[in-house]
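**Student:** Here's my sequence, what's the structure:
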Amino acid sequence: MGCLLCSIVAFAAWGAHAAPKRVFVVGDSTASEYGPERAPRNGWGQVLQTFLDPDAFEVRNHAKSGRSARSFIEEEWFAPIEDELAAGDVLLIQFGHNDAKFEDPSRYNEPEQAFPQWLMRYVALARERDATPVLITPVARRKFDHGQLLDTHGLYAQAVRELARREQIALIDLTAASTDWLRALGDEASKPYYMHVPEQGQADDTHFSRAGATLVACLVVREWKALDPALGQHVVRDTDCGAPADARALRAAQAHPSRVLRANDVPTVEQPGPHGGPGPTTAWPYFADAEALPFAFRKRVLHPGAGIGLHPHDKDEIYYVLSGRGVFVLDGEAHEVGPGDAMLTRPGSTHALQQAGDADLEILIVYPNKAAPPPSGRESP
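**Tutor:** Below is the predicted model:
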């Protein structure tokens, strides 16, 4: 059955096999392998295995830099896959970057006919061997103009989509997914994901750093799981990555905007030790003015000799020690605490905290905000 349904059925059957399913990647420099001498440059195919259980999937990345759908076959880079591809294997196919290079006839494929015809060579072999072909649109370049991301793959990405629709081939629209991700990041914030490496004199908007390759591999697996939800049981990392297409519109419509608050902009409050504790202490009430925030978050510094007195709890509260030392008393039991330690007090317990040593004890505190009064103005019961 040469149809998308067949691909999905094949995907769902992977988990039934004891041996790892082989995933072959064919493509260009955005997916290919790079040695440590090219660090931090990585291709997304190079890190794809990190998302997949090696007992369930074995990734074989055959992508080669500078190749198009045409030159990858004509230069015989596809030959080893032709020799090995077998029933149950998966073939991920991503080209388009080099197919658009009209100045090079050995690579150029016009998008309407030549490009999809070459792509069908890969699809046809996979189907002949009872393997699963998956077409992938080319990953976006990081090309911004006055803050707007430009589409550099238009006709080629569309050709892949139309071929997938016409021939009922499974499709991962990486152009769309990576475009949404880049637009949400913006111009400056997206540079670390590409080969913008000043110490190497590089400002490359096509190839990825390790961070970028990993994120793109995440997008590939995210979209793959959308094709086959059963794949999720074999994915060993979260794929909650990227951004929705309307990320900027959603941000603009927020009733309560997200924001960054600098330490110097937080008004500090000098207080004696809370709950009858000795002083002095200094509090930083972060986001105290944020509307509809369900929790309070603050930093408190207990200066030498200061403490928080013993008090009962009717709510959950978490302390996290940033620096310094102290003694935390929880339900009558004393615990020496230091940097990185965290303390949770649940309703019905009592606790106290006393600074120890010569250095300030700095803690972060999180607890639920009091419920806002109902619209009538009466207090909640």
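**Student:** Tell me how far Pro20 lies from Phe57.
**Tutor:** Going from Pro20 to Phe57 by C-beta to C-beta, to the nearest Å gives 6 Å. In this view, the C-beta of every residue, glycine as well, is placed from N, C-alpha and C.
**Student:** Looking at these two, which is more packed in?
**Tutor:** The residue with more neighbours, out of Pro20 and Phe57, is Phe57; 20 against 16, by other C-beta atoms under 10 Å.
**Student:** Isn't the more buried one up against Val25?
**Tutor:** No - if you go by C-beta atoms under 8 Å, Phe57 and Val25 don't touch, sitting 11.6 Å apart.
**Student:** Spit out the residues that contact these two alike.
**Tutor:** Residues touching both Phe57 and Val25 by C-beta atoms under 8 Å, 6 or more residues apart in numbering: none at all.
**Student:** all strands of the stretch 101-250 of the chain, in order?
**Tutor:** 132-136, 144-145, 148-149, 170-172, 194-197, 202-209 (DSSP state E, counting those that start in this stretch).
**Student:** Give the stretch among those with the greatest mean number of neighbours.
**Tutor:** Of all those, strand 132-136 has the most neighbours on average by mean count of other C-beta atoms under 10 Å, namely a mean of 27.
**Student:** Just checking the distance from that one to the centre of its chain.
**Tutor:** 22 Å (C-alpha atoms, centre = their mean, to the nearest Å).
**Student:** Restricting to C-alpha, output stretch 122-142 in PDB.
**Tutor:** What follows is stretch 122-142, C-alpha atoms only, in PDB (Å, rounded to 0.1, in the frame of the first residue of the first chain):
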ATOM      1  CA  TYR A 122      14.500   7.800  -2.400                       C
ATOM      2  CA  VAL A 123      10.800   7.200  -1.800                       C
ATOM      3  CA  ALA A 124      10.600   4.500  -4.500                       C
ATOM      4  CA  LEU A 125      13.500   2.500  -3.100                       C
ATOM      5  CA  ALA A 126      12.100   2.600   0.400                       C
ATOM      6  CA  ARG A 127       8.700   1.400  -0.800                       C
ATOM      7  CA  GLU A 128      10.300  -1.300  -2.900                       C
ATOM      8  CA  ARG A 129      12.100  -2.600   0.200                       C
ATOM      9  CA  ASP A 130       9.100  -2.300   2.500                       C
ATOM     10  CA  ALA A 131      10.800   0.500   4.400                       C
ATOM     11  CA  THR A 132       9.100   3.700   5.500                       C
ATOM     12  CA  PRO A 133      10.000   6.900   3.700                       C
ATOM     13  CA  VAL A 134       9.500  10.200   5.500                       C
ATOM     14  CA  LEU A 135      10.000  13.400   3.600                       C
ATOM     15  CA  ILE A 136      11.300  16.400   5.600                       C
ATOM     16  CA  THR A 137      11.100  20.000   4.300                       C
ATOM     17  CA  PRO A 138      14.400  21.900   4.600                       C
ATOM     18  CA  VAL A 139      15.200  23.500   7.900                       C
ATOM     19  CA  ALA A 140      15.000  27.300   7.900                       C
ATOM     20  CA  ARG A 141      18.000  29.600   7.600                       C
ATOM     21  CA  ARG A 142      18.500  32.300  10.200                       C
END
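**Student:** ok, and for that stretch, which residues are buried?
**Tutor:** 122-123, 125-127, 129, 131-142 (16 or more other C-beta atoms under 10 Å).
**Student:** Take the residues you listed and keep only those in helices.
**Tutor:** Cross-referencing the buried residues of stretch 122-142 against helices under DSSP state H gives Tyr122, Val123, Leu125, Ala126, Arg127.
**Student:** now, which of the residues you listed sits nearest Asp173?
**Tutor:** Of all those, Val123 has the smallest distance to Asp173: 16.5 Å, by C-beta to C-beta.
**Student:** gap between the closest one and Ala69?
**Tutor:** Taken as C-beta to C-beta, the span from Val123 to Ala69 is 11 Å.
**Student:** again, but for Ala334
**Tutor:** 69 Å.
**Student:** more crowded one of those two?
**Tutor:** More neighbours surround Ala69 than the other of Ala334 and Ala69, with 30 against 11 (other C-beta under 10 Å).
**Student:** Need the phi and psi values for the more buried one.
**Tutor:** phi -60, psi -30 (degrees, to the nearest 10).
**Student:** Distance from the longest helix belonging to the chain to the middle of the chain?
**Tutor:** Taking DSSP H as the criterion, the chain has its longest helix at helix 210-227. Between the centre of helix 210-227 and the centre of its chain there are 8 Å (C-alpha atoms, centre = their mean).
**Student:** Give me the pLDDT for the residue nearest the centre of the chain.
**Tutor:** The residue lying closest to the centre of the chain (C-alpha atoms, centre = their mean) is Cys241, at 3.4 Å. pLDDT recorded at Cys241 is 97.
**Student:** show me what contacts it?
**Tutor:** Counted by C-beta under 8 Å, 6+ apart, Cys241 has contacts Trp181, Leu215, Cys218, Leu219, Arg222.
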